[in-house]
Every structure is written in C-alpha cells, then in structure tokens.
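>>> task: produce atomic coordinates for the following.
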Amino acid sequence: MKFFLKHFLLLLVVSYLSQLAVFMISKAVLDRYSQFRLTRFYRNPKHSNFILGNSRAVNSVNEKYANEKLHVDVINLGFNGMPYSSLKPILDDVNKLNRNVTIYVEISALVNNVFDDSYAYYISNSPELKKEYKSTPFNWLQLLRLNNEIFLRNIYYLRKSDNDWINNYSISKALIEQIKNDKRAIVTFPNEEELMARIVQIQRLCEAHQNKVIFFLAPYYPDYLKQMADYKRVTDHLLSRKDIVYYDLNTLPLPPNSFADRLHTNVSGATALTDFLLKTIKE
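Alright, predicted model coming up:
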C-alpha cells in the first residue's frame, strides 16, 4: 500500500509539473511572438486610444486603417462574444497602465455577462483577470488555460498580425429579404438598469485614472434595427445623460453594402465608423 501511495503521489507531482512546463513554455513563446491583439496589448500596453467590446467592436474600428491612414495610435481590444465579466478586468488593466488616453466602449458587450474561460489564458499577465478566476481550477491547473479560442488565436497569429484582418463580406440578398419578412420584436437590452449601472461604473473607473471614456452603439442593419423593441428607449436615455459621452452610430448614413450581416459592418462600414470615432469626434 505504501509503495502504491508513494508512486501515485509521484505521478501527481510529475503530472502537475509537466502540465506547468507545457503551459509556461507555450505561453512564453506566444507572448513574445504572437501578433494577436490582446497579447500585443500585454506586451506593449501603452497606446493613445483603446477599443473595447465584442465582435461589433471588432468590426467597427479598423485598427490598421486608423494607424496608417489617420495616423492615430489605436488598438482594438474587442473580441468575439466578450462578456462584461471579461471586459471589466481588461479595462482595469488599460486604466492602470495608461493616463490621459481615450477608451471607446461598444455597449452591446455590457449586456452579456456569461462566464468565458478563454480569458484565463491571461491570468499570469493580469492581476485583475487572476481575481476573476481565483476560485476556479484555471488558477492552479495551468493546462486548462490553453484549452480555449484565445490560445488558438495566438497560434494562428504567430506569423501574421490580426491588425491585417478585415471583414470583406457583404450582406446577402437572401438575408436582406429574410430580415424584411421577419416581424418579430427583438429585445436587445433585457436589463436596462443593469446596463446603466455598468456604464456608470466604467465611467467612474476611467475618470479615476484621468482617462476619457466614450460609449458608442455600433450600427445594426437598418431593417433589423426597426425590429428592435427597446432600441429607441435605451438610446434616448443614454443621449439624455449629461454625465456620459455616448454616440449612436445608427444615425450615420451607411449604405446597405456597408454591412456584413444583421449585426456587423464590413470593411467599408468600418472605415466610415473609424473615421467618425477617431477623426471626426477628435476634431
């Protein structure tokens, strides 16, 4: 029995150290060479403008166009499906590492607060993210931190930068007809009070670090927007608030071919939105 327990304990120790070594080596290589947006930020956190949000933020601001054509220092930290529980720790990191910068937050991400283990990958980079995962297995079993989309994205962008990614899709005629024929009322902001509380919280966090925050709502395809039962109520309330800066980008005159689908603009739309957010507002 002692022989078994001794070797079983040894197996556990070797297994733990092995998975720790795999994680540390893999992450050390990716942290140094990957050109994925969040990894680029933790490698070089100093910028003048930051974009935060989910896929609607990703598709709204063309980082490369802003850097090279507008000569604006911006990094788009948006990521597909980013929930508020992950956005806030990243925002905290941006605030702690920067002063007198502008942070743009697309408000769609503030509605979603589901748990997403992808961001556990950055526990060793971010004390704020570490707090989010401290009571989970991700805090002590490092190999789990590699079992997610962010780890795969870091591998994918080892030889190229996601700064070069653009959405070249155009909304299809079939989808346009489907949207026109869909008469359902869509509720996009199911908890208005919680949304407002998060907006105020973000505002205070940024102000505490002398950073300016600009909230914006990325455009929806116009016919889809008409079906959103709570859109006008929520955006009218936000526009009436004198204590926050908010832009409803649905007011910009974008042609239908600026959209990739119901929820996202393509490269044409992103160029127009980037011009407005990073050039027109500044001027």
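
>>> what ranges does the stretch 51-200 of the chain have for its strands?
Applying DSSP state E, counting those that start in this stretch to the stretch 51-200 of the chain gives strands spanning 74-76, 102-106.

>>> next, format these as a markdown table and append mean pLDDT, mean neighbour count and distance to Val187.
Bear in mind the C-beta positions are built from the backbone N, C-alpha and C, glycine included. As requested, these are exported to a markdown table (pLDDT from 0 to 100; neighbours: other Cβ atoms under 10 Å; distance: least, Cβ to Cβ, whole Å):
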| stretch | mean pLDDT | mean neighbour count | distance to Val187 |
| --- | --- | --- | --- |
| strand 74-76 | 98 | 25 | 28 |
| strand 102-106 | 98 | 24 | 18 |
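
>>> for Lys242, which of those strands is the nearest?
Taking Cβ to Cβ, strand 102-106 is the member of those nearest to Lys242, at 18.0 Å.

>>> re earlier: and the strands of the stretch 51-200 of the chain as TSV, adding distance to Pro190?
Output for the strands of the stretch 51-200 of the chain, formatted as TSV (distance: least, Cβ to Cβ, whole Å):
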stretch	distance to Pro190
strand 74-76	27
strand 102-106	17
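
>>> relative to Leu87, which of these is closest?
Short answer: strand 102-106, nearest of the strands of the stretch 51-200 of the chain by Cβ to Cβ, at 7.7 Å.

>>> mind listing residues that contact that closest one?
Residues from elsewhere that reach strand 102-106 (Cβ atoms under 8 Å, 6 or more residues apart in numbering): 48-54, 56-57, 60-61, 78, 87, 91, 94-95, 202, 206, 211-218, 277.

>>> pretty sure Ile281 is in contact with Phe216, am I right?
No - using Cβ atoms under 8 Å, Ile281 is not in contact with Phe216, being 9.3 Å away.

>>> those two: who's more crowded?
Phe216 (26 against 14; other Cβ atoms under 10 Å).

>>> pretty sure Leu77 contacts Asn54?
No - distance between Leu77 and Asn54: 11.0 Å, which falls outside the contact criterion (Cβ under 8 Å).

>>> so what pLDDT did the residue lying closest to Leu77 once chain neighbours are set aside get?
Once flanking residues are discounted, Leu77 sits nearest to Leu52: 5.4 Å by Cβ to Cβ, 6 or more residues apart in numbering. Looking at Leu52, its pLDDT reads 98.

>>> again, but for Leu20
85.

>>> distance of it from Gln142?
The gap separating Leu20 from Gln142 is 5 Å, by Cβ to Cβ, to the nearest Å.

>>> picking that back up, hey, what's the residue nearest to Leu77 bridged with?
Going by DSSP bridges, Leu52 is paired in beta bridges with Val105.

>>> quick check: it vs Asp236, distance?
From Leu52 to Asp236 the distance is 24 Å (Cβ to Cβ).

>>> the two: which has the busier surroundings?
Taking other Cβ under 10 Å, Leu52 and Asp236 do not tie; Leu52 has more neighbours (24 against 10).

>>> that one contacts Val74, doesn't it?
No - under the criterion of Cβ under 8 Å, Leu52 makes no contact with Val74, lying 11.6 Å away.

>>> right, and the helix or strand after the helix or strand bottoming out on mean pLDDT in the chain?
Lowest by mean pLDDT, DSSP states H and E among the helices and strands of the chain is helix 2-33, with a mean of 79. Moving toward the C-terminus from helix 2-33, the first helix or strand encountered (DSSP states H and E) is helix 37-43.

>>> sorry, back to before: anything in contact with each of Ile281 and Phe216?
Contacts common to Ile281 and Phe216, judged by Cβ under 8 Å, 6+ apart, are Tyr247.

>>> can you give me the helices in this structure?
Remark: helices assigned in the chain by DSSP state H are 2-33, 37-43, 55-58, 63-68, 84-97, 127-133, 149-156, 173-181, 192-208, 222-225, 231-240, 267-275.
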